[in-house]
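> Quick one, what's the 3D model for this:
(chains A and B)
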Number of protein chains: 2
Amino acid sequence: MAPSPMQVNGDISVVKSPVMGRLATVYSDVQNSRLDHSLPLPKVIKNRFDVVDGPASSAAGNPDEIAKLFPCLYGQPSALLVPGDGSKQASEQKLKIGVVLSGGQAPGGHNVISGIFDYLQEHCKGTTLYGFKGGPAGIMKCKYVTLTSEYIYPYRNQGGFDMICSGRDKIETQEQFKQAQETALKLDLDGIVVIGGDDSNTNACLLAENFRRNNLKTRVIGCPKTIDGDLKCKEVPTSFGFDTACKIYAEMIGNVMTDARSTGKYYHFVRLMGRAASHITLECALQTHPNITLIGEEVASKKETLKNVTNYIADVICKRGELGYSYGVILIPEGLIDFIPEVQQLIAELNEVLAHETVDEGGLWKQKLTTQSLQLFELLPTAIQEQLMLERDPHGNVQVAKIETEKMLIEMVEAELEQRKKAGNYKAHFQGQSHFFGYEGRCGLPSMFDATYCYALGYGAGALLHSGKTGLISSVGNLAAPVEEWTVGGTALTSLMDVERRHGKFKPVIKKAMVELEAAPFKSFASMREEWAVTNQYISPGPIQFVGPESDKLNHTLMLELGVHA
Amino acid sequence: MAPSPMQVNGDISVVKSPVMGRLATVYSDVQNSRLDHSLPLPKVIKNRFDVVDGPASSAAGNPDEIAKLFPCLYGQPSALLVPGDGSKQASEQKLKIGVVLSGGQAPGGHNVISGIFDYLQEHCKGTTLYGFKGGPAGIMKCKYVTLTSEYIYPYRNQGGFDMICSGRDKIETQEQFKQAQETALKLDLDGIVVIGGDDSNTNACLLAENFRRNNLKTRVIGCPKTIDGDLKCKEVPTSFGFDTACKIYAEMIGNVMTDARSTGKYYHFVRLMGRAASHITLECALQTHPNITLIGEEVASKKETLKNVTNYIADVICKRGELGYSYGVILIPEGLIDFIPEVQQLIAELNEVLAHETVDEGGLWKQKLTTQSLQLFELLPTAIQEQLMLERDPHGNVQVAKIETEKMLIEMVEAELEQRKKAGNYKAHFQGQSHFFGYEGRCGLPSMFDATYCYALGYGAGALLHSGKTGLISSVGNLAAPVEEWTVGGTALTSLMDVERRHGKFKPVIKKAMVELEAAPFKSFASMREEWAVTNQYISPGPIQFVGPESDKLNHTLMLELGVHA
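Residues are numbered from 1 along each chain as shown, chains lettered A, B, ... in the order given. Okay, here's the model as predicted:
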């Protein structure tokens, strides 16, 4: 059997019949084999359970402000599933539940939805599950599809978000909250599951608060999604998608490493996803042992300059040159330059200066820059200078996101090495190759871990809604143990929050989990990187396997954070 | 057990002890699991066999000239292993054999060497196998390592060429042939196996001829290697590495497709390896069903212009726009522009004009171009114009290889669509994303097919040398059948050759196998592409699996060429 994923970007008002969907050529063998892979569940949720509340919660910061922003929800306890008589489940209500995917793709999203669906099928027969289309906008516009067993089947254990697609809209104005209320009332919703990152879960909590305040019965439960890995806390050990994405990038990095060693003549500069935090880069480093790895949080903490970073790379290349190596692999987080204070300063000045000055050929406009920023500007490769001056967004601001950091660093390192060569301090040959690994990792077939974890997250979200909870994020823990023993519960979203002051107002935010320089993953990396720099301990993780003992391994970050020896 | 690959780019004169190599952290789980995977062999070579000769051979073209170039070897029959009394093998000679990797990496090279080694261990106990280091230069400079069981073990079923590394030198001058002879005499070599592509195998045959002519006992056997898939003929159904590389690229393309469909707003332009022939692009298209695929050979055959190609892409995008799709995936072979006659003409003119004219701001130099080339030049995006004018090789020639075709096409398609928008013929939104998949595929862990095929090629090469053959290329056939029933033999290298006239002299060349527009793979693709263009029948092949029924599938090109229904 090889069903075709339903087309959702086109017209999904007519759901294809299962027969139409079963075109023999549409799924690959591996996709097909995953389709019927049955997922294990934690014991606690497979059997009868009760939901017990923990102690009252606080906030990650500024609890008073959070309490003011969430008067209905603030302080509510987290919930944990424990073996019990299952009195709640026995009630067999017929519920009406909605689910929405919010933000960028992450492998496993379809399994969260499958988990919710299967929970409801099992415990609340006759329940209706609506999939809101195209992200939160689907809630506001009441655009949805009714998810049935036939509709969901082709997406089981498959990558992508195309079952209902996603979107980046937010529900934040009064008008938008009103639209959401209208949808909730129109569909008579008992609950909504919001699958998203930090912003989307903040938004989910605001929605939960809003519904509660307006006496709607609609509950809201969040699920932690982001390949960047920066949505996590004690109760939520990891966000889904991180495991798969890192394994895909690590496969590619491993292959490039083998190529580098075989060819012996290129330095590969690999930029990886992760604008805000460098978890992906760190995890890929732990999986593959590159010669050089830049971690944004460390660069920021040490207040590095771009020149420092360039010199660090050049130093390692020189040392390797002396050992006879003219090749290597360097990992760079996408957000690197956002972590360099002087670059931020330069960009701020450019935004200011270029808004008022015309760029003259002679370069007189540059006199408006501070000495430090001018020096930095002159240090940049011409192509990057032009990019900074010319490519600006509709507000006239420099588009930092468009800067190809890996290419910039290649040019800067090349210039530095040429100077060292002239001074007689470098004799080897340097040739850089640039790579950006991004889209390839967001939509892969979920790894065994992500497939199972997501299914449990979704199944747990169903249980939380069923037991009347709102404003919680689905939390599956004890991940170092066999799946059987995983814990299932929900954490108060307000307990993850702090406030930021924006436009004179306090805004609630779930703080992004950054790479902690004192935590096990970074320390493990830091203890080995000097050896990796000069020896070549490259590891090639190879393609993700779905069968065999190799398929069950957790990623290094998670293992180290859980205290399991990697 | 997790042995470390020996470091060959550094100092390999001291081979690390097996104990030192077994650092627990150095191999990934998947690498380890592959290490002890035992490879099946064709029945004919597992049991006692005889080597029988076929009829006298001719050449692929200009047999008279080939006969003159290879007076000793021309016309020799191909050889086939058949069940027999194994009288040859019974002789138990102790041989001295060398092996060399030539040209770019391809997954499976290490297994060819393992196959040769294991054959010799099994049939010629006490034989010495030398690995020449860094390609053919290793033969000329007599740089080698003695390959032992311990040395080879960590490379079994692993990607890369780092066991002995490769190189792109050729043995072609009289001086170089003399150096090769000296090495052959010094090491008392009975044979050399050259693992390489079309050029390297031509070179192998010249070496075989030279040794024979000079009455050296050293025989030479070739092995067909290239991920590009353009070294093949009736007896050599495929070159190794093509299967793995295409599967890796197809995994990534499939992921990008799922992303495209989930996001719904990008056209992904994916450039793939294959400068001379478009086999990789065709195979990836058959595996993944992209909306648009450009095949160089078809572009050349139809004498397409760059404007035609741009319009073709824009037409499909417009049609998709009408159907409500603002996304898609487009595959482009690296060598595309080499197939467009007018681009070749422009580049020839630029090489000529820029050698004599200075590029003036006013653009007067352009008057030296023909009208057609000037028009084409004006059509090109500014960045490409600059690249053509400024980035030239040491001979002053335009560096065609450096042009990022996928980025060029994005800009040209964007410009075309903007015009259509103004004319009211296009309403949707176009946003291009560029990708180049190259290095990631050359050094992956070999697929089950490549691992097994390479081992058989190497084992067969050992048998051919053992039975006194020279000037043959190891040929393993009947690949649609189970491995047990594969055929093993050798094909006269001269039979694959034609001549080219260079600098007034005939040079022998093994003709590259191009994509045949009348053969099954292209016809299969052509019969489906119109449907793929407007519907979205994307397939996500997923990561290569090493266990389970999915792991044993042949690639589509090979299946279609063998007449097996894909």
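> Give the buried residues for stretch A:527-542.
A:529, A:532-533, A:535-542 (16 or more other Cβ atoms under 10 Å in any protein chain shown). Where you see a C-beta, it was placed from the backbone N, CA and C, and this is true even at glycine.
> Which single one of these is nearest to residue A:439?
The closest of those to residue A:439 turns out to be residue A:541 (Cβ to Cβ; 19.4 Å).
> What residues does that closest one make contact with?
A:247, A:250-251, A:254, A:287-288, B:28, B:30-31 (Cβ atoms under 8 Å, 6 or more residues apart in numbering or on different chains).
> Could you report the pLDDT at it?
pLDDT recorded at residue A:541 is 96.
> any idea how far it is from residue A:285?
12 Å (Cβ to Cβ, to the nearest Å).
> repeat for residue A:180
42 Å.
> Just read off the phi/psi values of the residue nearest to residue A:197 when sequence neighbours are not counted.
Closest residue to residue A:197 apart from its sequence neighbours, by Cβ to Cβ, 6 or more residues apart in numbering or on different chains: residue A:226 at 4.0 Å. Residue A:226 adopts backbone torsions of phi 180, psi 130, taken as degrees, to the nearest 10.
> now do residue A:79
According to degrees, to the nearest 10, residue A:79 has phi -120, psi 150.
> same deal with residue A:58?
phi -120, psi -140.
> Find the nearest non-adjacent residue to it, please.
Distance criterion Cβ to Cβ, 6+ apart; nearest residue to residue A:58, sequence neighbours excluded, is residue A:495 at 6.3 Å.
> quick one, what contacts the one you found?
With Cβ under 8 Å, 6+ apart, residue A:495 has these contacts: A:57-60, A:78.
> what about residue A:241, neighbour count?
31 (other Cβ atoms under 10 Å in any protein chain shown).
> My understanding was that it contacts residue A:223; is that so?
No - shown here, residue A:241 and residue A:223 do not form a contact pair, counting by Cβ atoms under 8 Å, at 10.9 Å.
> For stretch A:163-179, the averaged confidence score.
95.
> Next, residue A:324: secondary structure please.
Classification of residue A:324 using DSSP: H, G, I helix; E, B strand; the rest coil returns coil.
> do you know how far it is from residue B:142?
20 Å.
> which of these two has more neighbours?
Applying other Cβ under 10 Å to residue A:324 and residue B:142 shows that residue B:142 carries more neighbours, namely 17 against 12.
> what helix or strand is the closest residue to residue A:144 other than its chain neighbours on?
Distance criterion Cβ to Cβ, 6+ apart; nearest residue to residue A:144, sequence neighbours excluded, is residue A:130 at 4.4 Å. Using DSSP states H and E, residue A:130 falls within strand A:128-132.
> and that strand, what other elements does it pack with?
strand A:96-102, helix A:109-123, strand A:144-147 (3 or more Cβ pairs under 8 Å, 6 or more residues apart in numbering or on different chains; DSSP states H and E).
> Downstream of that strand, the next helix or strand is which one?
That would be, after strand A:128-132 and using DSSP H and E, helix A:136-140.
> Residues contacting that following helix, please?
So helix A:136-140 is contacted by A:98, A:100, A:102, A:132, A:143-144, A:164, A:167, A:169-171, A:176, A:179-180, A:183, A:192, A:194, A:200, A:203 (Cβ under 8 Å, 6+ apart).
> same check, this time on stretch A:366-374
A:342, A:345-346, A:349-350, A:353, A:357, A:377.
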